[in-house]
Structure formats: C-alpha cells, structure tokens
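> give me coordinates for this.
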Amino acid sequence: MPTRTGWWVLIVSAVLGIFGRLVGGIEFLIPGAAGFAAVALALLLRYLHPSRVTVKKRLSPQRVPAGDSARVDIELHNHQSRRTPLLRVHDAVRGTPGFSLNVAPIEATRGVARASYRLNTASRGLHEVGPVTIHDSDAFGLVERKHVIPSLLRLVVHPRLELIGQFPVPSAEDSLLGKKHHQALGLSDEDFDGLRPYTPGDDLRRVHWLSSARQDELQVRQPRPPRHGLLSVVIDTRPPGDLAAALDITTSVAGSIAASVLAAGDATLIETTDGRSTRRVIGSSQLDSLLEFLALLANGSPQIHAAIPSNSGTVIAVSADPVLVTDLTARRNFAERLGAQLVITTDVDAWGRDSHGHRSPGWIHLTAPNQLGALLPSDARRSPEFA
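Modelled structure (predicted):
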C-alpha cells in the first residue's frame, strides 16, 4: 500500500490533473499523470517482486527479575538474487508499542543483517516478544508491503529475589532411628543404613572390617539415601493480598525463601491460600519452575482453600494483610489454620520508607527490601520458630 509519501504524491497528482483539466493546461496534466504512474509502478514491483527475507531471533536471558532487561538479537537472511531495499522491522511486544529498527539493504544471495535491542521490564508477568513485521518499501519510499513472520519468544519476568544464603529445614523423616541403629553396630562413623555381603566390583574402601571379621565374610556398608527436609511457602492471596503491589512483594519473599531452601539441598513448594500450588522440587536447577509460577501469579480468593497446606512438612506463610500486623489473635489463628511455624507479614503501603523490620517468635514483619536475610533464622533446625 502507499506510504505517507506515496499518498502525498497521489494527492498532489490528483490536484494537478484536475487543475490541468479545468484550465486545459497540458503542463499540469503531465506531472499529474507521472505521479500516478510512479506510485502504480512502485506498487506493482513490490507485489510482483517482494523481498524474500527470513528472520531468526534470540532472547537472552529468557528469565529476568522485574526491573532488569533482556537482549533481543534479530538476524535477517536475504534469499533472493538481488539486494533488498531499505527495510523497517517492527518487533511486537505485548503490552508495549514494540520496537522498530531500520535495516540497511542486505546483500544478494544469503546476505545477513543483524540488529538488537534491549527489552526493559517493570513488573512481573509473561511477555510475548513477536511477531516480527517487515515493512518492505521501494527505493523512493512511495509504497510498502508488510510481511508478518510469526517469530514468538517468551520472556518470563519473575519477582526480584533476595540472596539470603542457605536455609536448611528439618527432615521429614526421623533420622534418630538410623543413628541408634548405627551406634548399636558400631558404625556411627558414616551415614549408612546397614551392611550387605561383598560382591565383585565393590569399592574396598566401603568394607566394614570389624563386621567382616565377626561373620567370616566381607561386609560392605550400604549407603542410606539422603533424607531431605520439606518446606512449604504459602502466599496469602486473600484481599488485599491479591493486589498487584502486594503480590510483587509477597512473591519476592516467597521466591527468596524457596531459592535458599533449594540451595541447602532440601525440598520445597510454593502454594497460595486459594489452592494453587507448584510441584514439589529439590535442587537449585529446579528453581525456574517456581519462578515462572511466581511471575504469573495474580488474583486470589477471600477464603483459604481446604487443601492448603498440602503437605506435612514445615510451613512458612507470607501475607500482606495489615490486620495480621496489628491483631495478635488474628495472626495466631492464621498460623494455626495453615499449620505455619512462621508468619511473615509485609507493609505494602509504607514499603521502602521504613528501614527497620521486626522479628519475634513465630513472626517476621518486613517494611523494605533486603530485610529478610537479617531477620530469617539462619538454621531452621536450631531456631525456636521451628521447635
């Protein structure tokens, strides 16, 4: 279709043609006809010989904390036997005007042009980057043809996490039985469940020589599988905790705790009071699934779902409800309903204006970022909150 320049050429040509017709002056008719012919010829060439360009796009990184930026790299490959004209590339980003780039003519036959831009983020969520629209115009900029290439990428913007170190939690199993069993056998020097007969190929360093001498047969230590603690972080999504500002803070707190538990080698999951939940994960490599859950978390319900919490491990509840801050009875009832050993509250309205948080048995109150690390118990096994 004609560009803005093309439309102006058509309008001026029409005025010249009409004026030339009225006054009978051929000197006006000729430039008017030439203008129409130029636009028509450019339009014909664009549709008969469009640019044959393919697009490759890369997003790095694919997950970023809110407020950071990601880099989008675009490669355009020319597959025709002549140079492309000047191209304008527009990459759509949902929720924004998108980004437009001007690309110089690309050399014929497998010529490549590269461009990039920074995609800034402000809030949690899923951003779809694409599709790409290529505006293919003629040399004089009279007409252009649009090519829409469905090149979609997903950018997950998760809440910012606070580095609070490793946060081990109590084991879900009774390890004292194993210790007594080991001590009875005189095997308390290593973490293992028992002994088994030696088989060819076993590591001789695992042979228990005392037991082997008693039984006249080589006995090998049988390793005990690790017993991991389990922590459930429950986010209060009851009003006003369902508001975006509140969720930005509570998801950041929940994500920070979950990341520290995974770093300690224990298991964790994140739940909401309205019944949504991640799967149980263990190991820092599984953190991405939790971050995506937190990035997309929105809305809530005024009631606590009957199935929450869904496990028998340690529970930490995170809430932005101001009633829990001032009403001790409400906070105790909330903790008892969830079976929470620790309740963390946040002051959304004054967030960042007060640099002093508060901690008391079973309760932490946060008023600004980067307070969690100093107030959270460093070892849940020795902390009175988890007694």
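> where does the stretch 1-150 of the chain have low pLDDT?
Within the stretch 1-150 of the chain, the stretches with pLDDT under 70 are 46, 48-49, 138-140.
> which stretches in it count as helices?
4-23, 26-48 (DSSP state H, counting those that start in this stretch).
> for the protein, which strand is longest?
Identified as the longest strand of the chain according to DSSP state E is strand 125-137.
> show the contacting residues for the closest residue to residue 111 other than its chain neighbours.
In space, residue 111 comes closest to residue 78 once its chain neighbours are excluded; the distance is 4.2 Å by CB to CB, 6 or more residues apart in numbering. The C-beta positions use only the backbone N, C-alpha and C, and glycine is treated the same way. Contacts for residue 78 (CB atoms under 8 Å, 6 or more residues apart in numbering) come out as 51, 52, 53, 84, 106, 107, 108, 109, 110, 111, 112, 113.
> filter those residues down to just the buried residues.
In these, burial by neighbour count holds for 51, 53, 84, 106, 111, 113, counting by 16 or more other CB atoms under 10 Å.
> from those, which is closest to residue 133?
Within these, the smallest distance to residue 133 is 11.7 Å, found for residue 53 (CB to CB).
> just checking, that closest one touches residue 74?
No: counting by CB atoms under 8 Å, residue 53 stays clear of residue 74, with 11.0 Å between them.
> name the residues contacting each of the two.
By CB under 8 Å, 6+ apart, residue 53 and residue 74 have no common neighbours.
> still on that earlier bit, could you check how far the residue nearest to residue 111 is from residue 115?
Using CB to CB, to the nearest Å, residue 78 is found at 14 Å from residue 115.
> same question for residue 273.
In terms of CB to CB, residue 273 sits 46 Å off from residue 115.
> same check on residue 360?
Distance, residue 360 to residue 115, using CB to CB: 55 Å.
> of the two, who's got more company?
Legend: neighbour count by other CB atoms under 10 Å for residue 360 and residue 115, higher for residue 115 (16 against 8).
> I'd say that one and residue 104 touch.
No: look at residue 115 against residue 104 with CB under 8 Å: they stay out of range, at 9.8 Å.
> check contacts around residue 296.
Counting by CB under 8 Å, 6+ apart, residue 296 touches 124, 125, 126.
> among the residues you listed, who's most crowded?
Result: residue 124 is most packed of these (other CB under 10 Å), 23 neighbours.
> check contacts around that one.
Applying CB under 8 Å, 6+ apart to residue 124 gives the contacts 66, 157, 158, 159, 247, 248, 251, 294, 295, 296, 297.
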